Structure formats: structure tokens, C-alpha cells
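J.: Sequence and predicted structure, then a few things I'm wondering about:
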Amino acid sequence: MTPQPNPQAGAAVKAADRAHVFHSWSAQELIDPLAVAGAEGSHFWDYDGNRYLDFSSGLVYTNIGYQHPKVVEAIQRQAARMTTFAPAFAVEARSEAARLIAERTPGDLDRIFFTNGGADAVEHALRMARLHTGRPKVLSAYRSYHGGTQQAVNVTGDPRRWASDSGNAGVVRFWAPFPYRSRFYAETEEQECARALEHLETTIAFEGPGTIAAIVLETVPGTAGIMVPPRGYLAGVREICDRHGIVLVLDEVMSGFGRTGEWFAADLFGVVPDLMTFAKGVNSGYVPLGGVAVSGRIAETFARRPYPGGLTYSGHPLACAAAVATINVMAEEGVVDHAADLGARVVGPRLRDLAGRHPSVGEVRGVGMFWALELVRNRETREPLVPYNATGEAAAPMAAFTAAAKERGLWPFVHMNRTHVVPPCNITEADLKEGLAALDAALTVADRYA
Ligand code: PMP
């Protein structure tokens, strides 16, 4: 569809937004949200006729792009038949979504507790772990993001939690591996992996293994920097959990449903958690949906004792119909393999080429359609291009990079000193290459600060 410019309509949308919409994670008067007129596939456009290639997949969730006709049609069909029905009933869209998800989750994670998104999935996974073990504490990683509700914020490591973290709340944080900025003075991935596991063991020993209900980890930490863990790390965590009777919760809200070129990132490492959270890609975000995939062992805990928690819209039929259609589209169109192939053949090599030519690129890392460029002032010292948690003037170099990308029709994902390359998993090779060329040009602006 060709964008039809209509600046007047755009101005009205913007004026109502500025007057009445309270935006998340924002100082209300310091933001200038783009008025979006439409979206299709990997693109969206504004009311002035500017068209953007979306290298952010919204908030890393439109895994099959915008407005996929089969998913839109499935939502319309479900709306005509049964828009909603309470969670205590068996409803076709809900049971079919659960069946399709359970078929794809690793191991025996085949009971699906539905939520409205990712944060509440994390809340419920941790509640299940505490009730299952009868233990109070949860261990989580510093470099992580698990959501914006209270318990999810408490286990989050991203500094955006600082303002709303309610204190200890039974949460103990530890350092997960990150070779580029090692906390363990490691010089190799193997050292990083071994030392990170040793650190986790020591943390557990000093906390008291019998007090720890769960370890929660993003399989591949996303918002915190797409840090693909070293080989062996997650298997090591699995073994530690087994030895101490600790529940392993893998958060796949961002990394699930094709993002890493596997249905779930856990498949990259052959690790099966006890609980796995998902949201976003489950239905490409067309209707809010998330959930927890529950192992047989934990489901057993609640077989004859009620699970004390739920949500009015749990397994909402419209959201579940969208999930059924999305999963079927992904399977029929080979979206997961497409993401793996383009990641290995196009994105990885081209980003490494950019790193060779742009002094502002400190490191390239990722897999599938899940990549990060770490931008630095100095490649030797690895000083970030902007300070940790920078805002305003201090964040200007990243703002300049972002503006340069947008001028070239590329909508980048930017967080702190990083840009993430996270386009829809079904992006065409031609669009992908066009976006990477725009990224190349925008990095020359970042280079000015390096
Ligand atoms: N966990 C992870 C790993 C996430 O990336 C996110 C969202 N970015 C969440 C949880 C929270 O999901 P939601 O915003 O849907 O509540």
C-alpha cells in the first residue's frame, strides 16, 4: 500500500496524544512521539508520507511483521464468532493455541498458563516456583529485563528498575556471563563460562540453597544487550538447579517464537527449563498475549491443590486465535528457518564487516534475527559511546545516530550505547540488505564521537 500523506490528520492524532496519552518510560513533556498512519510487513509510515523499515519489530515482537493477512483474517473470524469468553471455560481458540505452543516448547513443558503479556508471565512463573518449592528467594541476573510490573521489576537488572525497585523483596542478583565486559577478568569464553558458574554456585552457597525457589534468566538476554551465553553456561545452570532443587525459569518473552532462528532460544543450547515464559512473538503482538509453559513436575504440584492466581483475560479468544494463525503462518512459511538462514548468511557477516570499517562499533553479537552492535568511544578501552543510563545531552551521540538512521528510512532499536538489529523474522533478503546499508551510513555519524 502506498502511503497517502495527510499531515492535517497526523497533527490531530499528535495533538490528542500530547494532551491525553501518558506514555510509558518517558518524561511526558520531553518526548515527541511519531504519529503512525499505517504499517504492513516490515514497514510503517507516518502522515507526512515518510516510510520506515522497522529494524526494531516494534518492541521486538512483530516476528511476522505487521498486518499479516492470514492473522488479520483469523482475528476477524474469531471476532465474528466469539470475541471473548471467561478463562474457566474450554474454548476452541484457547485450547488450540495451547496445543500448538506445547507442541513446540522443549521437553515436557506442555501445560500453558496464559497471561496478557510478558511481565505477568514472569510474575506467575515466580509464584509457581515459590509455591512448588516452599522457598522464598529468587536469583536473577544484573544484566536483564523481565518486565514493568512490581515483581518483574524487582528481578530486572536493567537500571530502569532503580526508580521503582521495592528493595530486596526476596530477590538476590548475580552476574551472568558477558565476555565483552567480563566481571570475572576472563580472557576467553571458556573462562567466562566456568567463572560465571562458580560465582553462581558461591552465591547459592552463601544465600543458603534451601532458601532459593528459582533462578530466572533470559535464555539470551535481550534488552540488556543480546548477550548470547557461552556454550555450556545454561547447561551448567541447569545442573546447579537440579543439584539444589531450584526451579529454572527461562524467560523467552523476547527470544521465543523464531527470534533466534529456533522456536525457542533454549533449543540453541539443548536445555529444558522447569518453567518458560513467552509473549511478544507468540502472536506477533497483534493482540496482547503471554504465558508460562509449565513442566509436568510443577503442574503436578497444582493437580489437587488450587493454583492461587489468574487474570480476567487469561487466554483471551481473540489473542489465542491470533496465536494459532501466527504459529501456523510461521510453520507454513518456514519463518524460523528463514531467520536462522538470514542471520547466519547475511546479518552476521555484514555486521562484522561494519565493525571492521566503523571505529564506533566495539562488538557485534547475536544469532538469527537477534543482533546487537555495541557502540563505543574507544575500541581499546571499550568505553561506551554514551555513559550507562545516560539521558539528555549525555545521550546526544546515540540520538545523532538514531536521527541519521531515520533520515535514511531505517527505524532502529536503540538502548543505552547499543543498536539492536531485530527486524521481523520474515523480512525479505532485499529489505534486510537495504536496512543494513542504511545502518552503515548512520554509523558514520556515530563514528564522529569515537
Ligand atoms: N521479559 C523479557 C525478556 C522481555 O524482553 C520483556 C519485554 N521487553 C518482558 C519480560 C516484559 O514483557 P511485557 O512488556 O509484555 O510485560
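T.: That came through fine.
J.: Can you tell me the SS state at residue 234?
T.: helix (DSSP: H, G, I helix; E, B strand; the rest coil).
J.: ok, it - contacts?
T.: 217, 219, 250, 266, 269, 271 (CB atoms under 8 Å, 6 or more residues apart in numbering). (Glycine included, C-beta is placed from N, CA and C.)
J.: Filter the residues you listed down to just the ones in helices.
T.: 266, 269 (DSSP state H).
J.: top of the contacts of residue 234 by neighbour count?
T.: Top of the contacts of residue 234 by neighbour number is residue 250, holding 31 neighbours under the definition other CB atoms under 10 Å.
J.: and it, what does it touch?
T.: Residue 250 makes contacts with 216-219, 234, 265-266, 271, 273, 275-277, as judged by CB under 8 Å, 6+ apart.
J.: can we see that at 6 Å?
T.: Listed by CB atoms under 6 Å, 6 or more residues apart in numbering, the contact set of residue 250 reads 219, 266, 273, 276.
J.: for the helix or strand harbouring residue 194, which positions count as buried?
T.: Element membership of residue 194 [criterion: DSSP states H and E] is helix 189-207. Buried residues in helix 189-207, counted by 16 or more other CB atoms under 10 Å: 189, 191-197, 199-200, 203-204.
J.: Relative to residue 436, which of those residues is nearest.
T.: Residue 436 has its nearest neighbour among those in residue 189, at 26.0 Å by CB to CB.
J.: just checking, the closest one touches residue 230?
T.: Yes - between residue 189 and residue 230 there is a contact under CB atoms under 6 Å: 4.2 Å.
J.: Nearest residue to the residue of the stretch 301-450 of the chain found nearest the ligand in space, please, no chain neighbours.
T.: The nearest approach of the stretch 301-450 of the chain to the ligand comes at residue 415, 10.3 Å away (CB to the nearest ligand atom). Among residues not flanking residue 415 along the chain, residue 223 sits closest, at 6.1 Å (CB to CB, 6 or more residues apart in numbering).
J.: Where does that neighbour sit: helix, strand or coil?
T.: Classification of residue 223 using three-state DSSP returns coil.
J.: give me the number of residues near it?
T.: A count of nearby residues for residue 223, using other CB under 10 Å, gives 23.
J.: Which pLDDT value belongs to it?
T.: Listed pLDDT for residue 223 reads 97.
J.: how near is it to residue 75?
T.: Using CB to CB, to the nearest Å, we find residue 223 at a distance of 28 Å from residue 75.
J.: How about residue 168?
T.: Residue 168 sits 43 Å away from residue 75, going by CB to CB.
J.: ditto for residue 100
T.: 16 Å.
J.: Help me confirm that residue 213 is found in a strand?
T.: Yes - membership of residue 213 in a strand is supported by three-state DSSP.
J.: contacting residues around it?
T.: 129-130, 133, 135, 138.
J.: try residue 68
T.: Residue 68 makes contacts with residue 329, as judged by CB under 6 Å, 6+ apart.
J.: check which helix or strand covers residue 166.
T.: Residue 166 belongs to no helix or strand, assigned by DSSP H and E.
J.: wait, what's in contact with the residue in the stretch 101-250 of the chain that the ligand sits nearest to?
T.: Closest contact between the stretch 101-250 of the chain and the ligand, by CB to the nearest ligand atom, is at residue 118 (2.2 Å). By CB under 6 Å, 6+ apart, the contact list for residue 118 reads 147, 253, 279, 290.
J.: Tell me who's in contact with the second one.
T.: What that stands for is residue 253. 118, 277, 279-280.
J.: swap the cut-off to 8 Å and go again
T.: Counting by CB under 8 Å, 6+ apart, residue 253 touches 118, 121-122, 146-147, 218, 277-280, 290.
J.: Now render the residues you listed as JSON lines, adding pLDDT and secondary structure.
T.: Formatted as JSON lines, the contacts of residue 253 follow (pLDDT from 0 to 100; DSSP: H, G, I helix; E, B strand; the rest coil):
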{"residue": "118", "pLDDT": "98", "secondary structure": "helix"}
{"residue": "121", "pLDDT": "98", "secondary structure": "helix"}
{"residue": "122", "pLDDT": "98", "secondary structure": "helix"}
{"residue": "146", "pLDDT": "98", "secondary structure": "coil"}
{"residue": "147", "pLDDT": "97", "secondary structure": "coil"}
{"residue": "218", "pLDDT": "98", "secondary structure": "strand"}
{"residue": "277", "pLDDT": "99", "secondary structure": "strand"}
{"residue": "278", "pLDDT": "99", "secondary structure": "strand"}
{"residue": "279", "pLDDT": "98", "secondary structure": "coil"}
{"residue": "280", "pLDDT": "98", "secondary structure": "helix"}
{"residue": "290", "pLDDT": "98", "secondary structure": "strand"}
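J.: Now for those residues: which two are most distant?
T.: Using CB to CB, the pair of those lying farthest apart is 218 and 290, separated by 14.2 Å.
J.: Any idea how many residues pack against residue 308?
T.: 8.
J.: Please read the previous query as pertaining to residue 152.
T.: If you count neighbours by other CB under 10 Å, residue 152 ends up with 26.
J.: And residue 73, by the same measure?
T.: For residue 73, the tally of surrounding residues (other CB under 10 Å) stands at 12.
J.: Let me know the secondary structure of it.
T.: Residue 73 falls in the helix class when you classify it by three-state DSSP.
J.: average pLDDT across the helix holding residue 194?
T.: When pLDDT is averaged over helix 189-207, the result is 98.
J.: Residue 246 contacts residue 216, correct?
T.: No - look at residue 246 against residue 216 with CB atoms under 8 Å: they stay out of range, at 10.4 Å.
J.: Right, I'll leave it there.
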